[in-house]
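# How does the following fold in three dimensions:
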Amino acid sequence: QLQLVESGGGLVQPGGSLRLSCATSGFTLDYLAIAWFRQAPGKEREGVSCISSRGGSTNYADSVKGRFTIARDNANQTVYLQMNNLKLEDTALYSCAAGPESTYCSGPYDYWGQGTQVTVSS
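Just a heads-up that it's a prediction; the model follows:
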């Protein structure tokens, strides 16, 4: 059974950085497309970034382009989301999701992690 566990969230000041990790187990990461989503209180979940199974293709929401970078280390079964120049509006619960390559940036994703909280506050 594929499992995803996010980590790396926390409290950071505006302009700061965090690196989120999505550790996978139970299935070879090489075959999985991964996406990061976030959901702020009272708002709908939104896609943040996605990466193809071998990392050759990535995509970002307009709101995070130029600030966030998605990367994957298949050997270590982990996908990362480097978040720089964080803004107040980036505060949300961040979750990663996985699916076969055909779901790259489109879903639906069958597997989800529990999420890690990112709070940007001065």
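# Who does the spatially most central residue of the chain form a beta bridge with?
Closest to where the C-alpha atoms of the chain average out (Cα atoms, centre = their mean) is residue 36, at 2.7 Å. Beta-bridge partners for residue 36, by DSSP bridges, are residue 49, residue 96.
# how near is residue 39 to residue 73?
In this view, residue 39 and residue 73 are 26 Å apart by Cβ to Cβ, to the nearest Å. (Glycine included, C-beta is placed from N, CA and C.)
# Provide a list of residues in contact with the residue nearest to the centre of the chain.
For residue 36, the contact set (Cβ atoms under 8 Å, 6 or more residues apart in numbering) comprises 20, 22, 47-50, 70, 79, 81, 94-97.
# between those, which has the most around it?
Scoring the contacts of residue 36 on neighbours with other Cβ atoms under 10 Å, the highest-scoring entry is residue 96 at 31 neighbours.
# wait, isn't residue 119 in contact with residue 13?
No: look at residue 119 against residue 13 with Cβ atoms under 8 Å: they stay out of range, at 10.2 Å.
# neighbour count winner among the two?
Set residue 119 next to residue 13 and count neighbours by other Cβ under 10 Å: residue 119 wins out with 15 against 10.
# nearest to residue 28, of the contacts of residue 36?
residue 79 (13.3 Å; Cβ to Cβ).
# chain center to the helix or strand hosting residue 23, what's the gap?
Element membership of residue 23, judged by DSSP states H and E, is strand 18-25. Here strand 18-25 is found 8 Å from its chain centre; the criterion is Cα atoms, centre = their mean, to the nearest Å.
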